[in-house]
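S.K.: how would this look folded up:
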Amino acid sequence: MLVKAEYARLKHTLTIVTRERDLAVKEKHQLQAKLENLEQVLKWEKIFNIKE
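M.R.: Numbering: from 1, shown residues only. The predicted model follows:
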């Protein structure tokens, strides 16, 4: 019975860690897209010498 309990605990932990990893990967991709957009804005500001 101890082995089954440990297996259930490890499976639960794996589920939580997998969910956290997936969220981190999603956030990384969102931040990467945001960075790329900001780089494009800076590029266009430099090209057109835009100042606010």
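
S.K.: From here on, just use CA atoms for contacts and neighbour counts.
M.R.: OK.

S.K.: Just the pLDDT for Leu35.
M.R.: Looking at Leu35, its pLDDT reads 98.

S.K.: cool, Lys51 as well?
M.R.: 65.

S.K.: same deal with Lys28?
M.R.: Looking at Lys28, its pLDDT stands at 98.

S.K.: Run through the residues that contact it.
M.R.: Counting by Cα atoms under 8 Å, 6 or more residues apart in numbering, Lys28 touches no other residue.

S.K.: distance of it from Asn37?
M.R.: 14 Å (Cα to Cα, to the nearest Å).

S.K.: Kindly report the same for Val25.
M.R.: 18 Å.

S.K.: One more: Arg9?
M.R.: Using Cα to Cα, we find Arg9 at a distance of 42 Å from Asn37.

S.K.: same thing with Glu6?
M.R.: Per Cα to Cα, Glu6 is found 46 Å from Asn37.

S.K.: swap in Val17?
M.R.: 30 Å.

S.K.: got it, and Trp44?
M.R.: For Trp44, the distance to Asn37 (Cα to Cα) stands at 11 Å.

S.K.: Over to Leu23?
M.R.: Applying Cα to Cα to Leu23 and Asn37 gives a distance of 21 Å.

S.K.: Over to Lys4?
M.R.: According to Cα to Cα, Lys4 stands 49 Å off from Asn37.

S.K.: The residue nearest the centre of the chain is in what secondary structure piece?
M.R.: The residue lying closest to the centre of the chain (Cα atoms, centre = their mean) is Glu27, at 2.4 Å. Element membership for Glu27 (DSSP states H and E) is helix 2-48.

S.K.: pLDDT weak spots in this structure?
M.R.: 51-52 (pLDDT under 70).

S.K.: let's see it at 80
M.R.: Within the chain, the stretches with pLDDT under 80 are 50-52.
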